[in-house]
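Visitor: Got a sequence here, can you build the structure:
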Amino acid sequence: MTTVTDRTTHTLEVPGAVLTYDVRRSDAGSEPALVLIGSPMGAAGFGTLAGYFDDRTVVTYDPRGVERSRRTDGAATTTPEEHADDVSRIIAALDAGPVDLFASSGGAVNALALVARHPEQVRTLVAHEPPTAALVPDSQFALAACQDIHATYLRDGMGPAMAKFIAIVSHRGPIGPDYVEQPAPDPAMFGLPTQDDGSRDDVLLGQNLLPCTHYEPDVAALRSASTRVVLAAGAESDGELAHRGAHAVAERVGTTPVTFPGGHNGFLGGEYGQTGEPEAFAARLREVLTAPAG
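Guide: Modelled structure (predicted):
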């Protein structure tokens, strides 16, 4: 009989932040703990997916600056290496040996940095749609578009910048040289504010966007790592930047991406008002995690 204890919440003081993470313990089986991470999405985004793994201990967390995890260093940006160090410290605090790690979006970028530095902490990494704009063939223009979003945020505030962000993440196909010269999308079309409230503390647009998209993984370290590294791309997100990022990383590390149900939000079950295909997604994740290495 599987016994799942109530979720327990913990805090961990790390350089520059106090992190909050949740542990759902299970006494079933001998599989490693399963850590689920995003960025800047926090633990709240993994409630549905975690529920499909009640036979495993599941760990989720809020990245620094997100929801319950507060920054103490006053820094305006966070690098994938810093996020990776945070996750490494949480894994060490679990004291449960190597974990399995599912990481999505910016979390997948951070997880690649983690495995490059600490492969002994992760048995299998499933990196789902890392938005590695620096690696796609049209990287010059993709990175310029990301820089334009950040500049728009600093100049005009959250609404106009987030409208541009939504436009680029839903864009299919290469980013052309004239992309940033196109008319800017209207924030009101997405229900976003059109007036600048003066704040500049958005964790996506201010803290994470440029370090995440500009990150170039340590390919040599990933190729030689003891960790089994699996790149994952959504069945419904073909051509989108994060989907292409997964293929770009896989090509460099010498693997073939695994197709997962849904799109970039495939594992969500109503969190943040988005619903993918969480049951099928969880089944695919379980299949990948339990597949023999080789």
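
Visitor: so who does P193 touch?
Guide: P193 is in contact with G157, M158, G159, P187, counting by Cβ atoms under 8 Å, 6 or more residues apart in numbering. (Each C-beta comes from the backbone N, C-alpha and C, glycine too.)

Visitor: do the same with V23
Guide: V23 neighbours (Cβ under 8 Å, 6+ apart): R7, T8, H10, T57, V58, V59, L94.

Visitor: try it again with 6 Å
Guide: Neighbouring residues of V23 by Cβ atoms under 6 Å, 6 or more residues apart in numbering: T8, V59.

Visitor: Let me see the contact set for V35.
Guide: Applying Cβ under 6 Å, 6+ apart, the residues near V35 are V59, V99, L101.

Visitor: Give me the nearest residue to T290, chain neighbours excluded.
Guide: Distances taken as Cβ to Cβ, 6 or more residues apart in numbering put E31 closest to T290, at 7.8 Å, once the chain neighbours are dropped.

Visitor: Then E271?
Guide: Leaving aside its chain neighbours, E271 sits nearest to G45 (4.9 Å; criterion: Cβ to Cβ, 6+ apart).

Visitor: try C146
Guide: Per Cβ to Cβ, 6+ apart, closest to C146 is T213, 4.5 Å.

Visitor: now the one you found: how far from G107?
Guide: Distance, T213 to G107, using Cβ to Cβ, to the nearest Å: 14 Å.

Visitor: Of those two, give the one with the bigger neighbour count.
Guide: For T213 versus G107, the count of surrounding residues by other Cβ atoms under 10 Å is larger for G107: 32 against 26.

Visitor: Surely that one touches M41?
Guide: No. Under the criterion of Cβ atoms under 6 Å, G107 makes no contact with M41, lying 7.2 Å away.

Visitor: quick one, what contacts E236?
Guide: Per Cβ under 6 Å, 6+ apart, neighbours of E236: G262, G263.

Visitor: i'd like the first residue to be 3 from this point on
Guide: Shifting the count to begin at 3 puts that one at E238.

Visitor: In a helix, it, correct?
Guide: No. Counting by DSSP: H, G, I helix; E, B strand; the rest coil, E238 is not found in a helix; it is coil.

Visitor: Tell me, please, where in the stretch 3-152 of the chain the pLDDT is lower than the cut-off.
Guide: Counting by pLDDT under 70, the stretch 3-152 of the chain contains low-confidence residues at 3-7.

Visitor: Would you map the helices across it?
Guide: Taking DSSP state H, counting those that start in this stretch, the helices of the stretch 3-152 of the chain run over residues 49-53, 82-96, 108-119, 141-158.

Visitor: With distance to T229 as added columns, please give the ones you listed in CSV.
Guide: CSV is the format used below for these (distance: least, Cβ to Cβ, whole Å):
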stretch, distance to T229
helix 49-53, 21
helix 82-96, 12
helix 108-119, 5
helix 141-158, 25
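
Visitor: what's the distance between the nearest residue to V255 once chain neighbours are set aside and L206?
Guide: Once flanking residues are discounted, V255 sits nearest to L224: 5.0 Å by Cβ to Cβ, 6+ apart. Distance from L224 to L206, counting by Cβ to Cβ: 25 Å.
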